[in-house]
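# Sequence unavailable; structure follows:
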């Protein structure tokens, strides 16, 4: 693996990630790890995976107008200090600490930079570059889709979103993709997707998801 991209499950990113990273030879062999919000997880699996597979660079590709980030911001705005059974908010609190922010935009930017710094610190000795590519959704040309969102859970990380959607039998514009080498630790992401009214459709891949 040359490049690992960490991004969000939002279907608006499907074509962008395919075109910019999977189809672009500049990045070499690319794998994409997608979850709710394009989050950096702190359970060691992510760092271990990056080092084991000898990645040359890691690119964080979160995006604007993110429902997962809104979920985090609203929880913090309500003064929730200990959110039981909400791993996504708990993890964000761990990154943000006592840092202050005035609005959602500042909260998002602060969280992105904290996650980038976390990876840089842990990957510095291995000389792995860590880049931040915040995707501005308003600048993307998005296909229209009036149907319900469909959730595709995949252990395949090096193929285009379009092919994953085809394997699952769903339309790409409606396809929310949760992606990782081992999805055991992504139950919170799946639960958040389902809470947003996204239907759980299928799993793609050969690995054990339990």
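Structure's in. What do you need? Computed from a predicted model, the values in this text were never measured in an experiment.
# burial count for residue 182?
Neighbour count of residue 182, defined by other C-beta atoms under 10 Å: 12. For glycine as for every other residue, the C-beta is placed from the backbone atoms N, C-alpha and C.
# same check, this time on residue 205
17.
# what residues does the helix or strand bottoming out on mean pLDDT in the chain touch?
Scoring the helices and strands of the chain by mean pLDDT, DSSP states H and E places strand 199-204 at the bottom, with a mean of 81. By C-beta atoms under 8 Å, 6 or more residues apart in numbering, the residues outside strand 199-204 that reach it are 148-156, 164, 167-170, 190, 193-194, 209.
# do that again at 10 Å, thanks
If you take C-beta atoms under 10 Å, 6 or more residues apart in numbering as the criterion, strand 199-204 is touched by 147-156, 159, 163-170, 174-179, 183, 190, 193-194, 209.
# Return the subset of the residues you listed lying in helices.
Judged by DSSP state H, the contacts of strand 199-204 include 163, 164, 165, 166, 167, 168, 190, 193, 194 as members of helices.
# Would you tell me what the next helix or strand after the helix or strand hosting residue 59 is?
Secondary structure from DSSP states H and E places residue 59 in strand 57-61. Counting by DSSP H and E, the next helix or strand C-terminal to strand 57-61 is helix 67-77.
# quick one, what contacts the closest residue to residue 37 other than its chain neighbours?
The shortest distance from residue 37 to any non-neighbouring residue, by C-beta to C-beta, 6 or more residues apart in numbering, is to residue 68 (3.2 Å). Contacts for residue 68 (C-beta under 10 Å, 6+ apart) come out as 8-10, 35-39, 62, 88-89, 92, 188-189, 192-193, 196.
# now do residue 19
residue 160.
# tell me the SS of residue 33?
The three-state assignment at residue 33 reads strand, by DSSP: H, G, I helix; E, B strand; the rest coil.
# partners of it in the sheet?
In this structure, residue 33 bridges to residue 6 when assessed by DSSP bridges.
# State the distance from it to residue 169.
23 Å (C-beta to C-beta, to the nearest Å).
# and what of residue 142?
Computed with C-beta to C-beta, the distance linking residue 142 and residue 169 is 22 Å.
# Would you mind giving the secondary structure of residue 17?
helix.
# Report the contact partners of residue 197.
148, 149.
# same thing but 7 Å
When contacts are counted by C-beta atoms under 7 Å, 6 or more residues apart in numbering, residue 197 touches residue 149.
# Hey, what's the angle from the biggest helix by length in the chain to strand 57-61? Just curious.
Counting by DSSP H, the longest helix found in the chain is helix 104-123. Orientation check (axes from the mean of the first three to the mean of the last three C-alpha atoms, to 10 degrees): helix 104-123 against strand 57-61 gives 170 degrees.
# Report the inter-axis angle for helix 104-123 versus helix 67-77.
Using the same axes, to 10 degrees: helix 104-123 against helix 67-77 is 110 degrees.
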